[in-house]
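Participant: Output the structure for:
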Amino acid sequence: MNTLITARQVAELAFDAGEFLPPGAVTEADIAAAEERFLLPVVGRPLCDRLREGGYPQLLDDYVAPALAACVRLSVQPMLDIRTGPYGSTAPRSDCFEPADEEQCSARLRALRRRARTLLHRMSEWLDAHAGEHPEYQPRENIFKRCTIDGNLVQIH
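Facilitator: Next up is the predicted model:
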């Protein structure tokens with residue numbers, strides 16, 4: 001699989017230094033799925049392919065990688081909060097710590113969703129302001145230009 005960022009970049013960009021991320025928790029498949037679900041509707045396949053070929057490294061480093069890493073984190077976080085074993089899905093527990101409750105996990109997912117969406121909007125706005133520098137980018141194809149959901153209201157542009 002050829003993805004725009006690596007699992008190591010996800011760990012560096014989307015997780016704080018003190019957060020534990022088990023080895024192998026983020027896979028290339030997770031990154032590829034996040035690219036398809038979150039990134040492609042904003043940047044389009046032609047620009048994504050150009051980035052994958054090594055074009056526009058500054059755009060990738062400054063805007064695409066942080067947004068994509070946040071989207072990958074949003075996607076994998078529920079799997080980090082639970083474990084699957086011979087007895088099904090379980091929450092980790094130790095003598096020193098208690099697992100977060102449902103409300104705390106939901107609050108974290110909302111915060112991760114806001115962060116990912118903000119970074120995607122930041123990237124989209126930068127692309128719109130510099131569309132002439134990236135001929136592969138088609139602003140009309142950007143999902144944020146066609147449909148947004150803000151405050152539980154679906155807005156079709």
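
Participant: Helices along the chain, start to end?
Facilitator: 7-14, 28-34, 40-43, 45-52, 57-59, 65-81, 102-129, 143-146 (DSSP state H).

Participant: Which among the ones you listed is found nearest to E136?
Facilitator: helix 45-52 (3.9 Å; Cβ to Cβ). Bear in mind the C-beta positions are built from the backbone N, C-alpha and C, glycine included.

Participant: now what about the closest one, what contacts it?
Facilitator: 2-4, 35, 39-40, 43, 56, 59-60, 64, 127, 134, 136-138 (Cβ atoms under 8 Å, 6 or more residues apart in numbering).

Participant: how about 6 Å then?
Facilitator: N2, L4, L40, L60, E136, Y137 (Cβ atoms under 6 Å, 6 or more residues apart in numbering).

Participant: cool, stretch 35-42 as well?
Facilitator: By Cβ under 6 Å, 6+ apart, stretch 35-42 touches C48, L68, C71, L120, S124, N142, I143.

Participant: Kindly export it (C-alpha atoms) in CSV.
Facilitator: In CSV, the C-alpha atoms belonging to stretch 35-42 read as follows (Å, rounded to 0.1, in the frame of the first residue of the first chain):
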residue,chain,number,x,y,z
GLU,A,35,-7.3,8.9,3.1
GLU,A,36,-10.4,7.5,1.3
ARG,A,37,-12.9,8.5,3.9
PHE,A,38,-11.7,12.0,5.0
LEU,A,39,-9.0,13.3,2.6
LEU,A,40,-10.1,12.4,-0.9
PRO,A,41,-13.5,14.1,-0.6
VAL,A,42,-11.6,17.4,0.1
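
Participant: Now that stretch: average pLDDT?
Facilitator: The average pLDDT within stretch 35-42 is 96.

Participant: ok, now stretch 72-89?
Facilitator: 82.

Participant: So what's the residue count around the residue nearest to R115 when sequence neighbours are not counted?
Facilitator: Nearest non-adjacent residue to R115, counting by Cβ to Cβ, 6 or more residues apart in numbering: A70, 5.2 Å away. Neighbour count of A70, defined by other Cβ atoms under 10 Å: 24.

Participant: Okay then, goodbye and thanks.
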